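Enquirer: Okay, sequence plus prediction incoming.
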Number of protein chains: 2
Amino acid sequence: MDAHAESTQTTPALDTHVLQRSAEHLAEKYAGIFSPETVERYVFESYATLSRTARVRTHLASIAAHFADNRLRALGQSQGKIDSGVPQVLFVCVHNIGRSQIAAALLAHYAAGDVEVRSAGSLPQSDVHPLAVDVLAERGIDLTGAYPKPLTDDVVRAADYVVTMGCGDACPVYPGKRYLDWDVSDPADQTIDGVRDIVDDMEVRVRQFWSEIQREVTR
Amino acid sequence: MDAHAESTQTTPALDTHVLQRSAEHLAEKYAGIFSPETVERYVFESYATLSRTARVRTHLASIAAHFADNRLRALGQSQGKIDSGVPQVLFVCVHNIGRSQIAAALLAHYAAGDVEVRSAGSLPQSDVHPLAVDVLAERGIDLTGAYPKPLTDDVVRAADYVVTMGCGDACPVYPGKRYLDWDVSDPADQTIDGVRDIVDDMEVRVRQFWSEIQREVTR
């Protein structure tokens, strides 16, 4: 096979080491809930999934571990093995770089621990919209740690409320959930003023949504 | 929450039913190897993954079940729980609609059961290239059942040989595998004559590759 070039990549091998360590750490965290094999699968498949759309690959292994942790928690919740005690909300848009990230950050901000919020994209892009990060920073909300991630089945299953924004029928429909569809403008190609308007619109929706969740919870 | 439109989708609910049935069927097939929970996760996550890039959603649940079956088999092989007895080859390109599909079909054709062949895309597109289907049909090779699928960790783990074509460093590097990179033209935007030339080129590579695999196996 001498005629073929063999790979000389080193970064993926380093990533494999980080992923392996993360899998061991998460296996301890989820001991009694998931087998080490399941945890390892989640870590490595989360990495493979993020690799498909991540442009910047620095810290990709750590991000994948974070994503796997969040998905395992969602899976445990949907199977009744983990009880978070608060409503679960999932925001979905196409790229998970604008609308769903903004909505998730706003609701997490207003509800301050009284809901668990996730976001995902039907076809995630590489980076969170920089102007969305800026406009939320103006309002004291930190979006710098957010990363785009694909819509997975586990996070849909864990959700009590699924809010879709412009992503068509990409989200599977399961019984026992509230599905909502919001008609919100896309911040892509907007100026910072345009993004501010979108965040204003989203703030009204999210505040109203949050009071409705609170009403339903206390009903 | 009356101000929000609720979803009235019905197809995903039907798909859920098909997926559930497929999961039960596959759980029987993999009894003693994987738990029913693991099998169900694979079926539903495979569906979620394919949903992100499938344009035509007809038969998507059946395709997802097929994909999950193949991934579970790969996982069992990589964990030493399933012994296929033949070399495992994975072809990877960007979209899994042209080059990797052609190479996989050609090798499966020449090796006729003496290898197990898979293909995947670092960023799969919606449909296999129609001219690739036509040109392979001219040579008696049926590609009509092929579908584009994302690169997952399990199929990389199962592989003895990984052949990449134009997909950069998307493929994780694990020890104990042969990694090869082929510089093959992309059939996208080619005329049928252009695609015939590409398949000719690929035939030479695949035949040579197959004799090399045979030499290594008998060594």
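Expert: Great, that's in hand.
Enquirer: Excluding sequence neighbours, find me the nearest residue to A:T53.
Expert: A:P124 (5.0 Å; Cβ to Cβ, 6 or more residues apart in numbering or on different chains). Placement of C-beta: from N, CA and C, glycine included.
Enquirer: tell me the SS of the one you found?
Expert: coil (DSSP: H, G, I helix; E, B strand; the rest coil).
Enquirer: Just give me the neighbour total for it.
Expert: Other residues near A:P124 come to 23 when the count uses other Cβ atoms under 10 Å in any protein chain shown.
Enquirer: Just the pLDDT for it.
Expert: What the model reports as pLDDT for A:P124 is 92.
Enquirer: A:G168 too?
Expert: So A:G168 comes in at 75 (pLDDT).
Enquirer: How is chain A divided into domains?
Expert: Listed domain ranges for chain A are A:11-83, A:84-219 (source: automatic domain parsing).
Enquirer: and the residue nearest to the spatial centre of chain A, bridged to which residues?
Expert: Closest to where the C-alpha atoms of chain A average out (Cα atoms, centre = their mean) is A:S119, at 3.8 Å. When assigned by DSSP bridges, A:S119 has beta-bridge partners A:F91.
Enquirer: what's near enough to touch it?
Expert: Neighbouring residues of A:S119 by Cβ atoms under 8 Å, 6 or more residues apart in numbering or on different chains: A:90-93, A:96, A:100-101, A:103-104, A:146, A:149.
Enquirer: Just among these, which is most surrounded?
Expert: Among the contacts of A:S119, A:S100 has the most neighbours (other Cβ under 10 Å), with 32 neighbours.
Enquirer: Surely that one touches A:G121?
Expert: Yes - between A:S100 and A:G121 a contact is recorded at 6.6 Å, counting by Cβ atoms under 8 Å.
Enquirer: if I look at the residue nearest to the centre of chain A, how far off is chain B?
Expert: A:S119 sits 15 Å away from chain B, going by Cβ to the nearest Cβ, to the nearest Å.
Enquirer: list residues touching both of A:S100 and A:G121?
Expert: Residues touching both A:S100 and A:G121 (Cβ under 8 Å, 6+ apart): A:92-93.
Enquirer: residue boundaries of the helices in chain A?
Expert: Along chain A, counting by DSSP state H, helices occupy A:11-29, A:36-51, A:60-78, A:99-111, A:130-138, A:153-158, A:192-218.
Enquirer: returning to what we had before: could you redo the contacts of A:S119 as JSON lines and give each row pLDDT?
Expert: JSON lines is the format used below for the contacts of A:S119 (pLDDT from 0 to 100):
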{"residue": "A:L90", "pLDDT": "98"}
{"residue": "A:F91", "pLDDT": "97"}
{"residue": "A:V92", "pLDDT": "96"}
{"residue": "A:C93", "pLDDT": "95"}
{"residue": "A:N96", "pLDDT": "95"}
{"residue": "A:S100", "pLDDT": "97"}
{"residue": "A:Q101", "pLDDT": "98"}
{"residue": "A:A103", "pLDDT": "98"}
{"residue": "A:A104", "pLDDT": "98"}
{"residue": "A:A146", "pLDDT": "95"}
{"residue": "A:K149", "pLDDT": "95"}
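Enquirer: Redo those as CSV? Include distance to A:T58.
Expert: Output for these, formatted as CSV (distance: Cβ to Cβ, whole Å):
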residue, distance to A:T58
A:L90, 27
A:F91, 26
A:V92, 26
A:C93, 25
A:N96, 19
A:S100, 23
A:Q101, 20
A:A103, 27
A:A104, 23
A:A146, 16
A:K149, 17
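Enquirer: which one of the residues you listed sits closest to A:V163?
Expert: A:F91 (5.0 Å; Cβ to Cβ).
Enquirer: A:F209 versus the closest one, what's the distance?
Expert: 10 Å (Cβ to Cβ, to the nearest Å).
Enquirer: Would you mind grabbing the residues shared as contacts by the two?
Expert: Residues touching both A:F91 and A:F209 (Cβ under 8 Å, 6+ apart): A:107, A:163.
Enquirer: ok, and what's touching the helix or strand bottoming out on mean pLDDT in chain A?
Expert: Lowest by mean pLDDT, DSSP states H and E among the helices and strands of chain A is helix A:11-29, with a mean of 89. Under the contact criterion Cβ under 8 Å, 6+ apart, helix A:11-29 has outside partners A:34, A:36, A:39-40, A:42-44, A:47, A:57, A:60-62, A:64-65, A:68-69, A:72, B:169, B:171-174.
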